[in-house]
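Colleague: Here is my input; please provide its structure:
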Amino acid sequence: MSIKQLYGYFFYILYRMWLKIDRAFGAAGPFPTKMKALICMFGIEVWLVFAIALYCGYFFNIHPHIALFSFVGLAPFIVLLVMKWFIFEKDDRWKNYVKEFDSWPPKRNRVGTLGVVMMILFVIFNFIYSLYLNPPPGGLKW
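Modeller: The predicted structure is shown next:
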């Protein structure tokens with residue numbers, strides 16, 4: 001399986017999760033299911049970017065002051081958004097991913113779902129641990 005397919009499967013699992021939630025609660029709001037899945041993907045990727053930055057600060061003792069609304073601060077997020085547009089939004093390619101992964105056998109989908117959930121938990125716990133190692137200047141205010 002290629003990296004692009006793995007990324008597509010990540011979207012597929014989040015899409016299916018939001019589809020089940022929407023059907024369970026009868027949601028028919030203005031926000032489509034695919035957008036909810038893409039926003040969740042973006043959020044998880046942002047946590048990963050911040051965790052990597054915090055790890056770099058801790059292990060390499062690099063603490064640059066980068067303004068969030070500068071080009072350097074926004075560049076990773078712009079790259080993520082452009083990548084999402086090319087992979088999923090352009091020509092409605094997300095529909096091809098959903099159709100492809102819907103045809104997989106249930107056992108293969110369960111194993112893939114477990115892998116995606118483990119990856120999401122890994123990113124979340126990694127972000128929390130990176131905050132513990134390299135807390136913000138004022139300390140953690142929980």
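
Colleague: low-confidence ranges in the protein?
Modeller: Scanning the chain for pLDDT under 70 picks out 28-30, 63-68, 139-142.

Colleague: Which residue lies nearest the spatial centre of this protein?
Modeller: Nearest to the geometric centre of the chain sits M41, at 2.7 Å (C-alpha atoms, centre = their mean).

Colleague: now the strands for the chain?
Modeller: Along the chain, counting by DSSP state E, no stretch forms strands.

Colleague: returning to that earlier point: quick check: the residue nearest to the centre of the chain touching K84?
Modeller: Yes - between M41 and K84 there is a contact under C-beta atoms under 8 Å: 7.1 Å. No exception for glycine: its C-beta is placed from N, CA and C like everyone else's.

Colleague: and the gap between the residue nearest to the centre of the chain and V49?
Modeller: 13 Å (C-beta to C-beta, to the nearest Å).

Colleague: Could you do P76 as well?
Modeller: Relative to V49, and taking C-beta to C-beta, P76 is found at 5 Å.

Colleague: do the same with S2
Modeller: Note on S2: its distance to V49, by C-beta to C-beta, is 22 Å.
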